[in-house]
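Undergrad: predicted structure and sequence below. I'll ask about it afterward.
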Amino acid sequence: MKTKTTTWKPGHLCEFVREGVWRQATVLGHLNGVPDLSWVNEKTGKIEHTLVAKQFIRDVTPQASQEGMKFDDGKARLDLLPPRALLAVGQVLSHGAKKYAPDNWKKVPNGKARYIAASLRHIFAYMGGEMLDPESGEPHLAHAITCLLFALELEKT
């Protein structure tokens with residue numbers, strides 16, 4: 001694909017072909033007249049730099065396209081989350097907020113280990129044939145997922 005009169009200045013948004021796929025990038029500068037591009041490697045999640053011949057780059061600035069643009073390569077695909085399961089988790093969170101307090105889970109001593117243990121209790125109850133938690137009336141699996149989310153969040157903080 002030929003580039004018209006694009007100068008490929010630093011900061012310019014573009015796309016380039018790598019492994020047969022068009023990838024979004026930003027021009028960082030030039031080396032001997034060849035654009036140096038910065039892009040997110042979807043496999044590693046890391047920012048990489050590469051030199052790409054101008055004939056393998058296309059302009060994607062808003063004025064270059066009739067379509068709207070949104071650069072979300074490398075970002076989490078939250079639209080893939082299962083809505084019914086998340087709604088059940090939300091119900092468990094609502095029950096917990098009424099029983100204790102909103103965000104009380106953040107203050108529990110040794111929370112990560114305790115929420116892992118709680119998730120296992122809910123999983124074992126489910127495996128034993130009990131679908132719903134008798135206190136909340138919500139699915140044991142939703143309780144287990146909620147506990148694992150707490151443990152994961154506490155691990156990340």
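TA: Yes, it's here.
Undergrad: would you map out the domains in the chain?
TA: 13-64, 79-156 (automatic domain parsing).
Undergrad: looking at the ones you listed, which is closest to D72?
TA: domain 13-64 (8.9 Å; C-beta to C-beta). Yep, even glycine has a C-beta here, placed from its N, CA and C like the rest.
Undergrad: now do that closest one, average pLDDT.
TA: In this model, domain 13-64 has an average pLDDT of 78.
Undergrad: would you reformat the domains of the chain as a markdown table and include mean neighbour count and distance to D73?
TA: Putting those into a markdown table (neighbours: other C-beta atoms under 10 Å; distance: least, C-beta to C-beta, whole Å) gives the following:
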| stretch | mean neighbour count | distance to D73 |
| --- | --- | --- |
| domain 13-64 | 14 | 5 |
| domain 79-156 | 15 | 15 |
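Undergrad: I'd like the ones you listed as CSV, with distance to D72 appended.
TA: Below are these laid out as CSV (distance: least, C-beta to C-beta, whole Å):
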stretch, distance to D72
domain 13-64, 9
domain 79-156, 10
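Undergrad: and G11, what does it touch?
TA: T26, V27 (C-beta atoms under 8 Å, 6 or more residues apart in numbering).
Undergrad: separation between it and L28?
TA: Look at G11 and L28: by C-beta to C-beta, to the nearest Å, they are 8 Å apart.
Undergrad: from the centroid of the protein, which residue is nearest?
TA: Centroid-nearest residue in the chain, with C-alpha atoms, centre = their mean: A76, separated by 2.1 Å.
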